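K.L.:
Requesting a structural model of the entry that follows:
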Amino acid sequence: MGESPVSTAEFDARGTGTAPSGGVRTVLVVDTATDAVVTGIATITSGDAQPPVVTVLADRTVADHRRHAELLTTLIGETLTESGVGRGQLDAVVAGVGPGPFTGLRVGMATAAAFGDALGLPVYGVCSLDAIAVEVAGAAPTASTIAVATDARRREVYWALYTRTGRIRGPEVAAPAAVAADLDGTTPDAVGGSAPHLSQIGWTATEPASTIPTVSGLATAAAAAVLAGATPEPLVPLYLRRPDAVERKDQRPKSVTP
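P.N.:
Numbering: from 1, shown residues only. Model (predicted):
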């Protein structure tokens with residue numbers, strides 16, 4: 001689905017496996033899968049037999065789901081200026097691919113794809129829940145099970161479950177009660193995402209260590225692929241909910257990239 005391989009790579013204390021050494025990559029990061037517009041500039045540095053190191057040079061987070069399209073390009077410009085990074089100095093674009101509502105998610109992915117196309121850069125898609133889980137893993141290095149849930153509206157949640165080896169369930173969309181029944185007996189050691197929705201599922205033992213995708217989390221989730229120079233898959237949004245996620249019999253799912 002155009003996601004970074006964080007779901008299958010080793011999910012260590014920073015959420016990714018090791019990557020080839022000897023490189024620094026500068027990336028533009030974009031996510032509009034939640035009510036927040038998240039963007040920024042980060043560097044990803046490889047190390048010998050060590051997880052990649054992500055350094056955020058500039059970032060912006062604005063919680064306003066009604067103005068995603070209006071805000072995003074301006075915020076990208078601000079982070080480029082603040083970081084001192086020119087567009088020609090970027091090596092890649094990292095984009096959150098959801099799950100998220102149709103309109104907001106589409107804005108971020110289309111903008112990321114447009115930047116990549118205009119600058120001739122690869123665009124790496126990352127499951128937005130994975131990015132939250134990466135931040136939770138970093139904040140709770142002893143946690144063996146991590147749960148993430150965000151607001152899907154319509155009285156439902158987007159959710160996923162992780163261990164230190166990667167994502168083991170999800171991303172899925174369901175009513176909180178259905179998630180609680182499905183995972184009866186599963187108690188995560190750490191959680192991330194929307195506190196009210198985590199509470200509705202019954203995951204209340206700890207406060208969420210991270211509530212929304214961050215520039216650091218997104219870049220970390222994509223780090224191994226970016227450093228390896230892997231060819232990214234086409235960006236495909238994770239809408240999950242019908243009718244957005246239902247494929248017509250005579251039509252294949254549309255990518256936001258050519």
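
K.L.:
Could you list the low-confidence segments of the stretch 1-150 of the chain?
P.N.:
By pLDDT under 70, the weakly predicted segments of the stretch 1-150 of the chain are 1-22, 49.

K.L.:
With only the CA atoms kept, save the helix or strand containing Val134 in CSV.
P.N.:
Element membership for Val134 (DSSP states H and E) is helix 128-139. Taking C-alpha atoms only, helix 128-139 is exported to CSV below (Å, rounded to 0.1, in the frame of the first residue of the first chain):
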residue,chain,number,x,y,z
SER,A,128,0.4,7.3,10.2
LEU,A,129,-0.3,4.9,13.1
ASP,A,130,3.2,3.4,12.6
ALA,A,131,4.7,6.9,13.1
ILE,A,132,2.8,7.3,16.4
ALA,A,133,3.9,3.8,17.5
VAL,A,134,7.5,4.7,16.8
GLU,A,135,7.3,7.7,19.1
VAL,A,136,5.6,5.6,21.8
ALA,A,137,8.4,3.0,21.5
GLY,A,138,11.0,5.6,22.0
ALA,A,139,9.3,7.0,25.1
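
K.L.:
For the stretch 101-250 of the chain, which segments count as helices?
P.N.:
Along the stretch 101-250 of the chain, counting by DSSP state H, counting those that start in this stretch, helices occupy 102-119, 128-139, 176-182, 195-201, 215-228.

K.L.:
who does the third one touch, helix- and strand-wise?
P.N.:
It stands for helix 176-182. strand 156-163, helix 195-201 (3 or more CB pairs under 8 Å, 6 or more residues apart in numbering; DSSP states H and E). All C-beta atoms are positioned from the backbone trio N, CA, C, and that covers glycine.

K.L.:
Just the CA atoms of the last one, as CSV, please.
P.N.:
Looking back up the chat, that one is helix 195-201. Provided in CSV are the C-alpha atoms of helix 195-201 (Å, rounded to 0.1, in the frame of the first residue of the first chain):
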residue,chain,number,x,y,z
ALA,A,195,-6.8,9.7,24.8
PRO,A,196,-10.6,9.8,24.7
HIS,A,197,-10.8,7.1,22.1
LEU,A,198,-8.2,4.9,23.8
SER,A,199,-10.3,5.2,26.9
GLN,A,200,-13.4,4.1,25.0
ILE,A,201,-11.6,0.9,24.1
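
K.L.:
what about it, distance to the chain center?
P.N.:
Chain-centre distance of helix 195-201: 20 Å, with CA atoms, centre = their mean, to the nearest Å.

K.L.:
What residues of it count as buried?
P.N.:
197-198, 200-201 (16 or more other CB atoms under 10 Å).

K.L.:
average pLDDT for that helix?
P.N.:
Across helix 195-201, pLDDT averages out at 94.

K.L.:
In the stretch 1-150 of the chain, what residue spans correspond to strands?
P.N.:
For the stretch 1-150 of the chain, the strands defined by DSSP state E, counting those that start in this stretch cover 24-31, 36-47, 50-63, 92-96, 123-126, 145-153.

K.L.:
With respect to Ala69, which of these lies nearest?
P.N.:
Nearest to Ala69 among the strands of the stretch 1-150 of the chain is strand 36-47; the distance by CB to CB comes to 9.4 Å.

K.L.:
rewinding a little: for Gly170, state which of the buried residues of helix 195-201 is nearest.
P.N.:
Nearest to Gly170 among the buried residues of helix 195-201, with distances taken as CB to CB, is Ile201, at 12.4 Å.

K.L.:
Between the helices of the stretch 101-250 of the chain, which one is closest to Glu82.
P.N.:
Once the helices of the stretch 101-250 of the chain are compared by CB to CB, helix 215-228 is nearest, at 12.3 Å.

K.L.:
next one: that closest one to chain centre, how far?
P.N.:
For helix 215-228, the distance to the chain centre is 10 Å (CA atoms, centre = their mean).
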